[in-house]
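[1] task: produce atomic coordinates for the following.
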Amino acid sequence: MYIAMNRFRVIKERAQDFEQLWLNREIYLHEMPGFVEFHLLKGPEAEDHQLYASHTVWRTYEDFVAWTKSEAFRKAHARAGNETTKPLTIAGPHFEGFHALQEVKADGTKRVLKAG
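    Numbering: from 1, shown residues only. The predicted structure follows:
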């Protein structure tokens with residue numbers, strides 16, 4: 001399993017605009033082999049921004065890489081960075097990618113996913 005996350009520091013006055021942009025856009029993730037799930041997360045509020053994160057789970061790292069090279073990725077991100085008149089964020093997104101090593105389920109079962 002591979003988890004891809006982007007953190008966004010959104011200008012507080014633009015938080016609603018940021019949410020609407022994400023909630024109303026076409027994502028195309030469901031078209032990709034290996035896609036498991038997506039979450040848009042709202043985090044803590046700081047003095048100058050509201051923190052958000054996009055969280056995508058993939059079956060494998062290779063599936064994630066295929067997504068980043070796909071036409072679906074280009075279509076999903078066509079409007080990204082198109083904030084020239086009124087920016088939504090402080091700087092660009094901060095990407096973090098994680099290879100899952102262990103999984104623990106609500107029923108207490110656990111398994112090692114990948115040897116470190």
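
[2] the helix or strand of the chain with the lowest mean pLDDT: what's the following helix or strand?
    Counting by mean pLDDT, DSSP states H and E, the chain has its least confident helix or strand at helix 71-76, which shows a mean of 88. Following helix 71-76 in sequence order, the next helix or strand is strand 94-99 (DSSP states H and E).

[3] which SSE is the residue nearest the centre of the chain in?
    The residue lying closest to the centre of the chain (Cα atoms, centre = their mean) is Ser54, at 2.6 Å. Using DSSP H and E, Ser54 maps to strand 49-58.

[4] quick one: contacts of that strand?
    Taking contacts as Cβ atoms under 8 Å, 6 or more residues apart in numbering, the residues outside strand 49-58 that touch it are 1-12, 15, 18-19, 22, 29, 34-45, 64, 67, 89-90, 93. Using the backbone N, CA and C atoms, a C-beta is placed for each residue, glycine as well.

[5] just the residues you listed: which are in helices?
    Judged by DSSP state H, helices contain the following of the contacts of strand 49-58: Ala15, Phe18, Glu19, Trp22, Phe64, Trp67.

[6] among those residues, who's most crowded?
    With neighbours taken as other Cβ atoms under 10 Å, the top of the ones in helices among the contacts of strand 49-58 is Trp67, carrying 21 neighbours.

[7] who touches that one in this structure?
    By Cβ under 8 Å, 6+ apart, the contact set of Trp67 is Leu29, Met32, Gly34, Phe35, Trp58, Phe73.
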